[in-house]
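>>> A structural model of the following input is requested.
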Amino acid sequence: MALRQISTSLLRGHHRAFLQPSTITAAPISITVSTLRRFFSATRAATAPSNGSENVSLLENLTILGVDLKMARQRQPGVLRKVLTNEHGLAEFLSSKGASREVIASIISRFPRAITRSGEHLEERWQLWRNIFQDDAEIVRILDRSPESFFRSSDNENLEKNILFLSSLGITPHDLPKLLMKAPRVFSNSLELNRTMVELLQSVCVSLGGKDHEAFARAIISRNVYILIRSTKRVKANIEFLLASLKLSDTEALSLLQSHGADILDLSHTSLKRNFKSLWVKLRSLGCRKVEMKKLVLNYTQVLFVSPERLNEKLDCLVEGGIDVRQIVEKPKVLDFSAVTLKQRLDDLNGLGYNFDASGIAILDMSKKRFDAKLAKLREFRL
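As a prediction, this is how the structure comes out:
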């Protein structure tokens, strides 16, 4: 489906149409356009801001719309000093798409710059989004959660280019909305900036002997949607550090980076090196060898996201509770739990004489519901 479904002339015609009072029908918003128009035309010019002061008539319009002015001042104070804005047009537009009065007020309160977008711009951008999302209601829900994702950029042409580029990489219709919701800056980036990151990922694949460099880049982006807003310098440095520090084979590196290892690329390089070094120092003090450190990271890369203090606290808790560090290497997801939870579980199980050497530590990795049920059975069996 072509991304530009409506012509420029049609867009302009629509823009003229929905600004006319006669086009307003019953809608979730309870404010008439004529009320806002009266404020806009009668007072805007008379109360135009001077010396950097706020526009009084604009504040009155926003108050009628239910906007939280205190929040708006905190978010983007400069907008409140503008003379020409489109708050009533924006309210009409969003209302026509199904947004309630409360949602419209919330959107403007959190992202005031939305009122600077023209009707033509809004309609064109909405049509571009409709090529990604199923219906208007879905877009309204996204705007309610994250107004920035829709209003941050005013460059619709750049948005269209980025959508086409990412689609050409094979990013699925399932992943494109996720990318737009979680990392809207990706679509505000210049096309060349996004292309440069993709080319870096593809070159990494080629250097590691990978056969499908496009699939490699696509897998990483789908796994870590934030990578396109990181610098190529950071990503390249992190990849080189992991390859050298873990002494990964090409096959191991390709497998790691395309799976859960893609998240590591999102870390700052300083944090990655600090966490890696701290982990090695701790594991070595507990009797681990580098091969076991490598195994832990390959199976549970999340370990590199945890601060050294929190990770050491968890490891100490487990070891003091009778767990061998090699068992942790084999079942690293126990580290998902807090030290407090681990200590409580260890105390409960040790109190029942649970044999971790014979039975393993999988019981520590259970959900609360399953663990409590297992603990009840163990107590019953003991009786």
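>>> following the chain past the helix or strand hosting Leu166, name the next helix or strand.
Here Leu166 sits within helix 156-168, counting by DSSP states H and E. Using DSSP H and E, the helix or strand that directly follows helix 156-168 along the chain is helix 175-182.
>>> got the angle for that next one vs helix 156-168?
Using axes from the mean of the first three to the mean of the last three CA atoms, to 10 degrees, the inter-axis angle of helix 175-182 relative to helix 156-168 is 140 degrees.
>>> tell me which other helices or strands helix 175-182 touches.
For helix 175-182, the helices and strands in contact under the criterion 3 or more CB pairs under 8 Å, 6 or more residues apart in numbering; DSSP states H and E are helix 136-145, helix 156-168, helix 185-188, helix 213-223. (Glycine included, C-beta is placed from N, CA and C.)
>>> how far does whatever helix or strand comes next after the first one sit from its chain's centre?
For helix 136-145, the following helix or strand on the C-terminal side (DSSP H and E) is helix 147-151. Helix 147-151 has its average C-alpha position 13 Å from the chain's average C-alpha position, going by CA atoms, centre = their mean, to the nearest Å.
>>> what mean pLDDT does the helix holding Leu166 have?
The predicted model gives helix 156-168 an average pLDDT of 91.
>>> give me the helices and strands touching that helix, please.
helix 119-130, helix 175-182, helix 185-188, helix 191-207.
>>> so how far is Cys317 from Pro332?
Pro332 sits 15 Å away from Cys317, taking CB to CB, to the nearest Å as the criterion.
>>> right, I mislabeled it, should have said Ser57
The spacing between Ser57 and Cys317, counted by CB to CB, is 62 Å.
>>> Asn224 too?
As judged by CB to CB, Asn224 and Cys317 stand 30 Å apart.
>>> also Ala137?
Taken as CB to CB, the spacing of Ala137 relative to Cys317 amounts to 47 Å.
>>> pick out whichever of those two has more residues nearby.
A count of neighbours by other CB atoms under 10 Å puts Cys317 above the other of Ala137 and Cys317, at 19 against 12.
>>> and that one, what element?
Take DSSP H and E as the rule and Cys317 turns out to sit in helix 308-320.
>>> whichever helix or strand comes after that helix - contacts with which helices or strands?
Remark: after helix 308-320, the chain's next helix or strand is helix 325-330, criterion DSSP H and E. Packing contacts for helix 325-330, counted by 3+ CB pairs under 8 Å, 6+ apart, involve helix 290-299, helix 308-320.
>>> could these go into CSV alongside distance to Ser188 and mean pLDDT?
Formatted as CSV, those follow (distance: least, CB to CB, whole Å; pLDDT from 0 to 100):
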stretch, distance to Ser188, mean pLDDT
helix 290-299, 34, 94
helix 308-320, 34, 95
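>>> for Arg152, give me phi and psi.
Dihedral pair for Arg152: phi -60, psi -50, per degrees, to the nearest 10.
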